[in-house]
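A.B. asks: Next comes the sequence, and after it the predicted model I'd like to discuss.
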Amino acid sequence: ITSANNLLAALIDNHIYWGNELGLDPSKVSWRRVMDMNDRALRQIVVGLGNNGQTREDGFDISVASEVMAAFCLATSLKNLEERLGNIIIGQKFDKTFATAKEVLAAPAMTALLRDAFQPNLVQTLEHTPTIIHGGPFANIAHGCNSVIATDTAMKIADYVVTEAGFGADLGAEKFLNIKCRQADLHPDAIVVVATVRALKMHGGVPKTGLDKESVQAVRDGLANLVCHVENVQKFGVPAIVAINHFTSDTEAETAVIKEACEKLGVPCHFCDHWANGGAGAESLAREVVQMADSGRAKFAPLYPDELPLETKLRTVAKEIYRAKDIDLQPMAQKKLALFEAEGYGNLPV
């Protein structure tokens, strides 16, 4: 990922250096370099010094934040990966139109660098369950899910596939359902929302130093967070199950409050201790997931259709998932959205 990203960065600067046939505006190049290290001093730099090209501001991001990672994880084949890489916007030209990676002839070479990495990694759990680990785009700027190729591979060789959909039903799951499932034509049959008593107590106002002490009221107050996550995933038409990672400091009174809340929501709740007992500690959860997946209850649909304007899509996510009253787009944001739609990107998920 790092090499492919930085190859594109080098090709952009090389193109500008050797005549800039495309008319790239050096001040509007948006493609940044990456490295697999968090080095704050390199976040904003100047490149091209010493007569080595057009002097301009640039910077390094961490590798997993690269758009190459996002494209890599959404690609369905090497051909599709090359197409996605070619469509990456690298900046603007002097005529204010977007420039893409294919215009600097970067996509074939980037794909060649990624060819072997595109094969999913097969590992196993301590109990010898096959597990595929492949890709990891940042959820705060990308879709936060593993690769489509990994999920497709798993679905071809297993009866049931469990995939992590990123962190939280307001970040990872929303993007898994609205972006990855839409792009890859996936239709989930069941969703497991995972929580802990400790997390609920922290949501209820207990400081980290007091989480080992019983606090039924804090759990009750913190349940508003869990309820919101469950309601979020239910908006996609998929039945949900709550799984509580059950630790030794949890008390019966605290877990009883969670059971009561889940009953009111109409969702099953399982207390799991697989952290201590392996698969046996989550067997009841697994059996209910299988039963739910086989029930045919899921009627999955993304939160919004492709044809809605980008602003309406943003408003839908903000109001339905984050419970905002509305969104307030500043003039620059409105201008950018209008430009995206004019360039043909209006049918994409946000």
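C.D. replies: Received it, and whenever you're ready, just let me know what you need.
A.B. asks: Quick one: residues contacting residue 239.
C.D. replies: Taking C-beta atoms under 8 Å, 6 or more residues apart in numbering, we find residue 239 in contact with 190-191, 267, 292, 295, 297-298. Where C-beta positions appear, they are placed from N, C-alpha and C, glycine not excepted.
A.B. asks: All the helices of the stretch 201-350 of the chain, in order from the start?
C.D. replies: 216-234, 252-265, 274-277, 283-294, 310-320, 331-342 (DSSP state H, counting those that start in this stretch).
A.B. asks: so which of the ones you listed comes closest to residue 8?
C.D. replies: Taking C-beta to C-beta, helix 331-342 is the member of the helices of the stretch 201-350 of the chain nearest to residue 8, at 20.7 Å.
A.B. asks: mind listing what's buried in that closest one?
C.D. replies: Within helix 331-342, the residues that qualify as buried are 337, 340, counting by 16 or more other C-beta atoms under 10 Å.
A.B. asks: so which of the contacts of residue 239 would you say is closest to residue 259?
C.D. replies: Of the contacts of residue 239, the one sitting nearest to residue 259 (C-beta to C-beta) turns out to be residue 267, at 10.9 Å.
A.B. asks: For that closest one, which residues are in contact?
C.D. replies: Here residue 267 is in contact with 230, 239-242 (C-beta under 8 Å, 6+ apart).
A.B. asks: ok, now residue 34?
C.D. replies: 1-2, 5-6, 60-63, 65-66.
A.B. asks: ok, and the most crowded of these?
C.D. replies: Within those, most neighbours by other C-beta atoms under 10 Å means residue 66, with 26 neighbours.
A.B. asks: Thought residue 7 was touching it, still the case?
C.D. replies: No. Under the criterion of C-beta atoms under 8 Å, residue 66 is not in contact with residue 7, lying 11.5 Å apart.
A.B. asks: name the helices or strands packed onto the helix or strand encompassing residue 73?
C.D. replies: Per DSSP states H and E, residue 73 falls inside helix 67-74. Applying 3 or more C-beta pairs under 8 Å, 6 or more residues apart in numbering; DSSP states H and E, we find helix 67-74 packed against helix 2-17, helix 78-86, helix 107-114.
A.B. asks: Take those and write them to CSV, including distance to residue 226 and mean pLDDT.
C.D. replies: Output for the helices and strands packed on helix 67-74, formatted as CSV (distance: least, C-beta to C-beta, whole Å; pLDDT from 0 to 100):
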stretch, distance to residue 226, mean pLDDT
helix 2-17, 38, 97
helix 78-86, 36, 98
helix 107-114, 39, 98
